[in-house]
Structure formats: C-alpha cells, structure tokens
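Novice: 3D model of this:
(chains A, B, C, D, E and F)
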6 protein chains.
Amino acid sequence: MQMSARNMLKGKIEGIDKGPVSTRVKIKMDSPGTVTASITTEAAEELGLNKGNEVYAVIKASEVLVAKK
Amino acid sequence: MQMSARNMLKGKIEGIDKGPVSTRVKIKMDSPGTVTASITTEAAEELGLNKGNEVYAVIKASEVLVAKK
Amino acid sequence: MQMSARNMLKGKIEGIDKGPVSTRVKIKMDSPGTVTASITTEAAEELGLNKGNEVYAVIKASEVLVAKK
Amino acid sequence: MQMSARNMLKGKIEGIDKGPVSTRVKIKMDSPGTVTASITTEAAEELGLNKGNEVYAVIKASEVLVAKK
Amino acid sequence: MQMSARNMLKGKIEGIDKGPVSTRVKIKMDSPGTVTASITTEAAEELGLNKGNEVYAVIKASEVLVAKK
Amino acid sequence: MQMSARNMLKGKIEGIDKGPVSTRVKIKMDSPGTVTASITTEAAEELGLNKGNEVYAVIKASEVLVAKK
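Specialist: Below you'll find the model as predicted:
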C-alpha cells in the first residue's frame, strides 16, 4: 500500500506508555534521535506494538511546522 | 522558548516550492532522509526560508501515525 | 502494512483538482457520501491518482471532531 | 451553523470509552462501517454523548491521507 | 449544533486570499489579535466568506501546542 | 526562534488536568476567553507547566476550521 503521507521515518520502538485511552510510543530512528507518537491504546494493542518492533512514523506534510533560529 | 511538541528534527532546507497560498518545504535531516512540510506561503516569506537554511521540523506527537509491516 | 489510524474508508476517486502545491481529491465511498482529502500535489502524482482508482481515506482518530444537533 | 470542514459523516454512537483526559467515541455510520474519534473527556461530557445518540463525525480535508494498494 | 471542539473564537474576516485549491482566511478577533485559517477554496466559496463576515475559528484541543519562554 | 505557525496567542494557564498520558491545559487569554490544549503529560512536565505561567497557544493555520452562522 502506498500512502500520500510525505514522511515515513523508519525506526524501532524503544518505549511504550499505555494510558486507558491514549498511548505514547517512543520510536528510535536509525539516525540519532527519537520520534514520539501519541495514538489510541486500541491501535497500540491491535498492532501488537512492543519494544524492539520495527515501525514507521508516518506524518502528513501539512502537520509539520518549520522553526528557524 | 520551549515547545510542548515532542518532535523537533534539525535539518537544512534543500528545496522550496511556493504556490499562491501553500508552500512545500523539503528539509534534509542530518541523518539520511528528508522531511516535507506544507506551510502557508506567508509563513515561508516571513521566516525568509531559503535553500541551505538550518531549520527544525516541529511535529506534535498526536499528529504521528505508527505503521508496522 | 498495518496502520495505527483507526479509520480507513474505502472508495473510488471521483474527481481530482490539482493546484501548484495542494491537490483536492474527492473519494466516493461504497456507501452514499463522499470524503474530500487535501494532499500535496507531489503525493497525488507519485501515487498516480486518477478518477476511478480504488483508494482508502485514512484518518487518525484524534483528527475527528464530534458534532451533535 | 455552516462549517468549512468538507466532511460531515452522520452516524450513531455505538460505544464510548472515557479516560481521565481523553475519550474514544465509536460512531456507526448509516452505511456499513464505523468511524472512531478521540476527543477530550470534557467535550464528551458537555455534549452529553451517550450510546445511540445521532452525531456527526466532522473531518477537515487537510487531515485525510490517501492510500492506494 | 454543538461541537466537541474546545475552542470557538468569534471574530470578523479581515482578509481572504484565494489560491486554486487552498484559501487563507484572516479573522480579526474581538480582542486584539488575528487568527489565520487555511481552508479549501471550495469551502470558502460554499460558505460565501467575505470580508466583514462574522465567523468562528474552530480548533480542536489536540491541535494546540503550548510554548513557554 | 521563529515559527511558521500563523497563530501564537499569549495567555496565562488557569488550570491543568493531568491524565496518565494526555494532559489538558486551559489558557486564559489576555482578552476574554480561554483556549484549551491537549498535550502529552510528558511535555507538560518537561515544560514545568503550572497555574499562572505565561504561555503561548501555538496553532498551525491548516488546523483551524471556519464556521459561519
């Protein structure tokens, strides 16, 4: 399946923090740095997300802000 | 200024494509890979974005989807 | 590939309106009704979107508002 | 009141899962299928959302991704 | 109609900038300050948006970042 | 740091409601009215958000809907 999302960053899950409705997933990128996602706990469970899983962080271009010093 | 956004990825602008209202900014990350942002042309001009500028891609955790093969 | 997005609605493209940076895609759902997406023109071209294509509208649960009369 | 949101899908609430801050609402559409929304618990309470309520799922076009097999 | 969106800010349109697909709407709030919205041109036309119209800027709480100096 | 986000509204925190993963922040604007943000609890803690803090509500233009009576 191809996605219109311009950004698919590959990494490994390094931490999962489940709340009753929302779950925070920390994804360690191949390059230095970590991307944090906040998804429904239901999704985290249906995908069977676990530490060490290879996943993609998928981000639509219209959700990205640009900051400049 | 500190931001609640969990994701701030540093990179350099490698391309800007301005439309009348929306502008697409390609940001080359220090690590391999590129992040694409779609922002208003007004913002691109006020920040004076140009190829080669050091910028940050700022992404709120609730905007990140997770995909797993 | 499995997505954390809770909503994947199947339909057929019934119209595409390309601007220089943004593109509007109208997707006719199997059930009555149409879903409109606004994506980058770059994405529309890379996916080769054309009228009649079977596609999915993918929507993260945190992007859905609820309205009640 | 008219909304700029391009997508207003009518349905009935078939399930509500309240967390302390976030609430997940499952909306059964008139056509087969369900749309999931993640909203604040405060909003769910102010609107008095209950199973069986007729509601609309409101989605801005810029929040919809397109996927193609 | 009641909305789950936590933020509805009332103001008057002080400027509209239509592109082929996206339109930028500047809304002057009752209090000092302006809120900018980027919506589809189609929506701007269907709502018949014009300078001076009273409108609401509607923002879901999960779309708001917090910054602190 | 300059942000591409078109909307930065200054105010004071008047309430914080922390859940295990998500946190709701109520920001009283200088003008009458309050803006609500839903952010990760992790962000709320790293920024040390407390009642009375001066903060900015930062909102990307593409996240703002327009409603008209």
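Novice: Centre of the chain to stretch A:39-47, how far?
Specialist: In terms of C-alpha atoms, centre = their mean, to the nearest Å, the centre of stretch A:39-47 is set 12 Å apart from its chain centre.
Novice: ugh, typo on my part, it should be stretch A:8-15
Specialist: 6 Å.
Novice: avg pLDDT for that stretch?
Specialist: What stretch A:8-15 shows for mean pLDDT is 88.
Novice: touching chain B at all, that stretch?
Specialist: Yes - Stretch A:8-15 lies within reach of chain B by C-beta under 8 Å from any C-beta of the partner chain, at A:8-9. Bear in mind the C-beta positions are built from the backbone N, C-alpha and C, glycine included.
Novice: ok, residues contacting that stretch?
Specialist: Outside stretch A:8-15, the residues that touch it by C-beta atoms under 8 Å, 6 or more residues apart in numbering or on different chains are A:24-30, A:34-35, A:49-59, B:33, B:35, B:67.
Novice: Only the buried residues of it, if you could.
Specialist: By 16 or more other C-beta atoms under 10 Å in any protein chain shown, the buried positions in stretch A:8-15 come out as A:9, A:11, A:13.
Novice: and of those residues, the nearest to B:Ala44?
Specialist: For the buried residues of stretch A:8-15, the residue nearest B:Ala44 by C-beta to C-beta is A:Leu9; the value is 22.8 Å.
Novice: So that closest one, which state does it fall into?
Specialist: Here A:Leu9 takes the strand state, with states given by DSSP: H, G, I helix; E, B strand; the rest coil.
Novice: Leaving out sequence neighbours, find the closest residue to the one residue in chain A that gets nearest to chain D.
Specialist: Here chain A gets closest to chain D at one residue, A:Val21, 3.4 Å apart by C-beta to the nearest C-beta. Spatially, and ignoring its direct neighbours in sequence, A:Val21 is nearest to D:Gly19 (3.4 Å; C-beta to C-beta, 6 or more residues apart in numbering or on different chains).
Novice: Also A:Leu65?
Specialist: B:Val58 (4.1 Å).
Novice: got the contact list for A:Glu46?
Specialist: Each residue near A:Glu46 by C-beta under 8 Å, 6+ apart is listed here: C:Gln2.
Novice: and with 10 Å instead?
Specialist: A:40, C:2-4, C:6 (C-beta atoms under 10 Å, 6 or more residues apart in numbering or on different chains).
Novice: Please state the backbone phi and psi of it?
Specialist: In terms of degrees, to the nearest 10, the main-chain angles of A:Glu46 are phi -60, psi -30.
Novice: Please apply the same query to the one 3 residues further on.
Specialist: Phi and psi for A:Leu49, reported as degrees, to the nearest 10, are phi -70, psi 130.
Novice: where does it sit relative to A:Ile13, distance-wise?
Specialist: From A:Leu49 over to A:Ile13 the distance is 6 Å, taken as C-beta to C-beta, to the nearest Å.
Novice: likewise A:Leu65?
Specialist: Note on A:Leu65: its distance to A:Ile13, by C-beta to C-beta, is 25 Å.
Novice: unless I'm mixing things up, A:Asp30 is touching A:Ala57, no?
Specialist: No - counting by C-beta atoms under 10 Å, A:Asp30 stays clear of A:Ala57, with 11.6 Å between them.
Novice: pLDDT-wise, which helix or strand of chain A ranks last?
Specialist: Of all the helices and strands that make up chain A, strand A:2-3 has the lowest average by mean pLDDT, DSSP states H and E, namely a mean of 84.
Novice: counting contacts, what elements does that one pack onto?
Specialist: helix C:41-46, strand C:54-59, strand D:65-68 (3 or more C-beta pairs under 10 Å, 6 or more residues apart in numbering or on different chains; DSSP states H and E).
Novice: Which strands and helices lie in contact with the second one?
Specialist: Put plainly, it is strand C:54-59. For strand C:54-59, the packing partners by 3+ C-beta pairs under 10 Å, 6+ apart are strand A:2-3, strand C:7-18, strand C:22-29, strand C:34-40, strand D:34-40, strand D:54-59, strand D:65-68.
Novice: Buried ones in that strand, by neighbour count?
Specialist: C:55-59.
Novice: And the residue in chain A sticking out farthest from the centre, how close does it get to F:Val58?
Specialist: Ranked by distance from the centre of chain A (C-alpha atoms, centre = their mean), the top residue is A:Lys69, with 26.0 Å. A:Lys69 sits 16 Å away from F:Val58, taking C-beta to C-beta as the criterion.
Novice: okay, how far is it across stretch A:9-29, tip to tip?
Specialist: 7 Å (C-alpha to C-alpha, to the nearest Å).
Novice: One more: stretch A:24-35?
Specialist: End residues of stretch A:24-35 are separated by 10 Å (C-alpha to C-alpha).
Novice: For A:Glu54, which non-adjacent residue is spatially closest?
Specialist: A:Lys12 (5.8 Å).
Novice: should've said A:Tyr56
Specialist: Excluding the flanking residues, the one nearest A:Tyr56 by C-beta to C-beta, 6+ apart is B:Ala67, at 4.3 Å.
Novice: what sits opposite that neighbour in the beta ladder?
Specialist: Judged by DSSP bridges, the bridge partners of B:Ala67 are A:Tyr56, C:Met3.
Novice: That one: neighbour count?
Specialist: 19 (other C-beta atoms under 10 Å in any protein chain shown).
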